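In: Predicted coordinates and the sequence they were generated for:
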Amino acid sequence: MLLALFQIADMLLQVLLWIIIIQVIISWLFAFNVINPHSGGVRSAIDALDRLTAPIYRPVRRILPDFGGIDFSPLVIILVIQILRKLLGGLAMDLAV
């Protein structure tokens, strides 16, 4: 039962990781005008991804210094997610033995 909870937590962290990666790629495409910024569907998808990730980025953005237009908060969050996944995996292995 406890192993299943660890697997669910790992799966949720993996989904969050992919949401962040997709949001970063779409924001780059939007910034370089590869994606039409005036399209309603694209705009609503970008807004939805921003609403999902903004609460996660906000505490990290308060801590990080200003790097002049480069946002490193997704990178920090991805590193934290990967560390949490490794810790959860190790803890699950310890409990399974």
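Out: Received it, and whenever you're ready, just let me know what you need.
In: which one is residue 16 nearest to, not counting chain neighbours?
Out: residue 81 (6.2 Å; Cβ to Cβ, 6 or more residues apart in numbering). (C-beta placed from N, C-alpha, C; glycine too.)
In: likewise residue 85?
Out: For residue 85, ignoring the flanking residues on the chain, the nearest one in space by Cβ to Cβ, 6+ apart is residue 13 at 5.3 Å.
In: ok so, going back, how would you label the residue nearest to residue 16: helix, strand or coil?
Out: Using DSSP: H, G, I helix; E, B strand; the rest coil, the secondary structure recorded for residue 81 is helix.
In: so it makes contact with residue 17?
Out: Yes. The pair residue 81 and residue 17 qualifies as a contact (Cβ atoms under 8 Å) at a distance of 5.1 Å.
In: For the most centrally placed residue in the chain, pull up the helix or strand it's in.
Out: Averaging the C-alpha coordinates of the chain gives a centre point, and the residue nearest to it by Cα atoms, centre = their mean is residue 20 (3.0 Å). Counting by DSSP states H and E, the secondary-structure element that holds residue 20 is helix 2-31.
In: Look at residue 68 and give its secondary structure.
Out: Counting by three-state DSSP, the three-state call for residue 68 is coil.
In: And for it, the neighbour number?
Out: One way to gauge burial is a neighbour count; for residue 68, by other Cβ atoms under 10 Å, it gives 5.
In: what's the average pLDDT for stretch 77-96?
Out: Model confidence over stretch 77-96, given as mean pLDDT, is 92.
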